[in-house]
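1. this one's structure only:
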């Protein structure tokens, strides 16, 4: 929050320097405060406009459905050695996840 405020105040100072207001021997404090408020309001409007127009980036998934399917398939094969019925269910779930992932990829194209 402080960094935003600091950037805003630096932008206001830059605007006042460029407009020549900072070169007066004794500047009017009330006028400078009004310039600061106006500049702050303009910057906030621009930031809000940019926020509305920029698309929101979706967070990237850490694991794809296909990768998860392969992991379930491998785990199912390992579990099938000691518990065949549970292993078979996991293998089946892994295959379903892989097919589902390939279907999602083909539907996006």
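-> Yes, it's here. Source: prediction; values computed, not measured.
2. how far off centre is the host helix or strand of residue 47?
-> Here residue 47 sits within helix 29-53, counting by DSSP states H and E. For helix 29-53, the separation from the chain centroid amounts to 25 Å (computed by C-alpha atoms, centre = their mean, to the nearest Å).
3. where do the helices sit along this structure?
-> For the chain, the helices defined by DSSP state H cover 2-19, 29-53, 65-79, 84-108.
4. so how many other residues sit close to residue 70?
-> By other C-beta atoms under 10 Å, 16 other residues sit near residue 70. Yep, even glycine has a C-beta here, placed from its N, CA and C like the rest.
5. going forward, count from 368.
-> Okay, using 368 as the starting number, the last item reads as residue 437.
6. what distance do you get for it to residue 456?
-> From residue 437 across to residue 456, the span is 16 Å (C-beta to C-beta, to the nearest Å).
7. quick revisit: quick one: mean pLDDT for the helix holding residue 414?
-> For helix 396-420, the mean per-residue pLDDT is 85.
8. cool, stretch 456-475 as well?
-> Average pLDDT, stretch 456-475: 88.
9. contact partners of that stretch?
-> Residues outside stretch 456-475 that contact it (C-beta atoms under 8 Å, 6 or more residues apart in numbering) are 431-433, 435-444, 446-447.
10. that older thread, show me which residues of the helix holding residue 414 are buried.
-> By neighbour count on 16 or more other C-beta atoms under 10 Å, the buried set for helix 396-420 is 402-403, 406, 410.
11. reformat these as CSV; add distance to residue 371.
-> Below are these laid out as CSV (distance: C-beta to C-beta, whole Å):
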residue, distance to residue 371
402, 19
403, 15
406, 14
410, 10
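12. for residue 457, see how far away residue 422 is.
-> Using C-beta to C-beta, residue 422 is found at 39 Å from residue 457.
13. give me the domain ranges for this structure.
-> If you go by automatic domain parsing, the domain ranges for the chain are 369-420, 432-475.
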